[in-house]
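Chemist: Predicted coordinates and the sequence they were generated for:
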Amino acid sequence: MKLFKIRGGVHPEARKELTSDKPIEPAGLPSLLQIPVQQHIGSPAEPIVKAGDIVKKGQLLAKAQGTISTPVHAPTSGEVIEVGDHPALHPSGLPIRTIVLRPDGRDAWAPLAPPLDLDTASSEAIEARIAEAGIVGMGGATFPSAVKLNLRARFSLNTLVINGAECEPYLTCDDRLMRERTAEVIDGVRIMCQALQVSTAIIAIENNKPEALEAMHEAVADDPALRVVGMPTRYPLGSEKHLVHALTGKETPAGALTANIGVVVHNVGTTYAIHEAVRLGRPLISRVVTVSGGGIMNPRNLQVAIGTPIRFLIDQCGGYREEPGRLLAGGPMMGQPLPSLDVPVVKGTNGVLALTHTETDQRPEMPCIRCGTCVSVCPCGLMPFEMASRIRHEDLEGAADHGLRDCLSCGACAYACPSHIPLVQYFNYAKGKLRLQQQEEQKQGQQKRLIEARAQRLQRQAEERKAKQQARRKAIAENQQHDKEASV
Ligand code: SF4
Ligand code: SF4
């Protein structure tokens, strides 16, 4: 299959060898699970349990609120001991409503939904099952998968792309899924094709995963509707829009979705979760997490119950080999610094990294020498040094005019910068501040509308009162006139 050239990109050291040969193993259960009700993009789920409730594995703990939301289920059986606010892996950094569950060790399932009969199941039925199972984009995006499958109602779709690129260094959880659970992943792909009503799926895998490529090639050999494509190893090829561009030659316009050009992208982990929900009736209550980095004694790929504290995973990997310089949830390029080891694994956590000081480039920031390297590696064709310069001067709108809102925060520019300027930190700071400003403006706009509506209501009431007074006076005057005439 012909691949199209995309712009920019870098080649960071992959370090996949730390875990690529480590099969997926169960992580075991900690003494307490902390299950945040917001593990997805959209409205938080609403808890339907309280302290003291006894729950079974897979039981609904919090139900979805509104169109863009997902429910949350019990990862094992046990007792709910608290519903309160706890620190979590959330971009806001604020504590999140969390259901704390004490496992009872029995791991006893609640009654599950029956398997769907795919010979008769409609797209809507598949979508409803995926929504009920609480499945989100497991590559880290955490957008509710059922909402994404429903794009067929608004767009003319022709292709499903399965993102098996896993271009972030260190992470191998998708690689292991494709090698170990090949049939289940392929089944999930076929289910998604049926739900989206598309006849073609392309499974894109970077060439640095030869075993996964071979396993997937073999699995689809007899199915002309499914194609497995080896992709060049280049970061950030796994970004949705760039993957679609490389495969189809079509660019997704700024601010638009890949669905605008007929393509929907889902991650490999999501595909596996969809297989489990549709074939076995199981909600999303665990996921594969790569625990790696030079700081980890025994890096592993673990099947982890949602809500497991990161500290437990590091202990399961033998603790630290040496004091880490950086702790991250996710990969080294786009991962989130861990606020604490007590935060839990959520549906979007694909990796936990403990990087040593030598693995992290923490050299001091130097002045920009205007070399243009950041421009040449940016996959979005932006001018990172210009945006950073404006942000340094608090000219956020100027940075936005230079494309800040199109920036993926992929980190390629910061990685390549010879002056070690933490460009992504500038961009994330500015995006956060612009978001707050926008929220503030929306709030002020809403307050202004409320004040205006109140003023209009008061004016209307005053006018009505005045009209009534005038009517009353007129009636009195008419009565008096009438009485006068009668007395004459
Ligand atoms: S790569 Fe770094 S030094 Fe070079 S222009 Fe960009 S910000 Fe400046
Ligand atoms: S972080 Fe943004 S500006 Fe930098 S390379 Fe990625 S998309 Fe371009």
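Modeler: Looks like it came in fine. Quantities reported herein were computed from a predicted structural model and do not represent experimental measurements. Ligands and ions are numbered 1, 2, ... in the order given.
Chemist: use CA for all of it now, contacts and neighbours both
Modeler: OK.
Chemist: Quick check: residues of the protein near ligand 1?
Modeler: Residues of the chain lying close to ligand 1 by Cα under 6 Å from any ligand atom are 368, 369, 370, 371, 372, 373, 374, 385, 417, 418, 419, 421.
Chemist: Secondary structure class of the nearest residue to residue 267 once chain neighbours are set aside, three-state.
Modeler: Spatial nearest neighbour of residue 267, chain neighbours left out: residue 163 (4.7 Å); criterion: Cα to Cα, 6 or more residues apart in numbering. Assigned by DSSP: H, G, I helix; E, B strand; the rest coil, the conformation of residue 163 is strand.
Chemist: How confident is the prediction for the residue nearest to residue 171 when sequence neighbours are not counted, by pLDDT?
Modeler: Nearest residue to residue 171 in three dimensions, chain neighbours excluded: residue 290, at 5.8 Å (Cα to Cα, 6+ apart). Per-residue pLDDT puts residue 290 at 98.
Chemist: State the number of residues packed around residue 290.
Modeler: 31 (other Cα atoms under 10 Å).
Chemist: Check which element follows the host helix or strand of it along the chain.
Modeler: Here residue 290 sits within strand 286-292, counting by DSSP states H and E. Sequence order places strand 300-305 as the next helix or strand after strand 286-292, per DSSP H and E.
Chemist: quick one: strands adjacent to that next one?
Modeler: Strand 300-305 pairs in its sheet with strand 24-26 (parallel), strand 286-292 (antiparallel), by DSSP bridges.
Chemist: now what about the helix or strand hosting residue 227, what contacts it?
Modeler: Here residue 227, judged by DSSP H and E, is contained in strand 226-231. By Cα atoms under 8 Å, 6 or more residues apart in numbering, the surrounding residues in contact with strand 226-231 are 1, 165, 200-207, 213, 216-217, 220.
Chemist: Which pair of those residues spans the longest distance?
Modeler: Using Cα to Cα, these span at most 21.5 Å, a distance reached by 200 and 207.
Chemist: ok, which residues in the chain are in contact with ligand 2?
Modeler: Checking the chain against ligand 2 by Cα under 6 Å from any ligand atom, the hits are 378-380, 382, 384, 407-413, 424.
Chemist: Compare the residues you listed and tell me which is most surrounded.
Modeler: residue 413 (29 neighbours).
Chemist: in what helix or strand does that residue lie?
Modeler: Here residue 413 is assigned to helix 412-416, by DSSP H and E.
Chemist: helices or strands up against whichever helix or strand comes after that helix?
Modeler: Following helix 412-416 in sequence order, the next helix or strand is helix 423-487 (DSSP H and E). Counting contacts by 3 or more Cα pairs under 8 Å, 6 or more residues apart in numbering; DSSP states H and E, helix 423-487 packs against helix 384-392, helix 412-416.
Chemist: tell me the SS of residue 265?
Modeler: The three-state label for residue 265, taken from three-state DSSP, comes out as strand.
Chemist: Can you pull the phi and psi angles for the closest residue in space to residue 322 that isn't next to it in sequence?
Modeler: Once flanking residues are discounted, residue 322 sits nearest to residue 295: 5.1 Å by Cα to Cα, 6+ apart. Backbone torsions for residue 295, taken as degrees, to the nearest 10, come to phi -80, psi -10.
Chemist: Show the contacting residues for residue 295.
Modeler: Here residue 295 is in contact with 320, 321, 322, 323, 324, 354, 355, 356 (Cα under 8 Å, 6+ apart).
Chemist: Please tell me the pLDDT value assigned to it.
Modeler: Confidence score, pLDDT, at residue 295: 96.
Chemist: Can I take it that residue 82 is in a helix?
Modeler: No: using three-state DSSP, the secondary structure at residue 82 is strand, not a helix.
Chemist: if we can go back for a sec, next, format the contacts of strand 226-231 as CSV and append neighbour count.
Modeler: CSV is the format used below for those (neighbours: other Cα atoms under 10 Å):
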residue, neighbour count
1, 9
165, 29
200, 15
201, 23
202, 19
203, 25
204, 24
205, 28
206, 22
207, 16
213, 23
216, 24
217, 18
220, 17
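Chemist: Kindly provide the distance from the closest residue to ligand 2 within the stretch 201-350 of the chain to residue 257.
Modeler: Nearest to ligand 2 in the stretch 201-350 of the chain, going by Cα to the nearest ligand atom, is residue 236, at a distance of 8.2 Å. Residue 236 sits 18 Å away from residue 257, going by Cα to Cα, to the nearest Å.
Chemist: who has more neighbours, these two?
Modeler: More crowded of residue 236 and residue 257, by other Cα under 10 Å: residue 236, with 25 against 16.
Chemist: Can you report phi and psi for the residue lying closest to residue 258 once chain neighbours are set aside?
Modeler: Spatial nearest neighbour of residue 258, chain neighbours left out: residue 252 (5.7 Å); criterion: Cα to Cα, 6+ apart. The phi/psi pair for residue 252 (degrees, to the nearest 10) reads phi -80, psi 120.
Chemist: show me where the stretch 201-350 of the chain has helices.
Modeler: 210-220, 240-248, 268-280, 310-316 (DSSP state H, counting those that start in this stretch).
Chemist: Quick check: which of those is nearest to residue 32?
Modeler: helix 310-316 (10.1 Å).
Chemist: Good, we can wrap up now.
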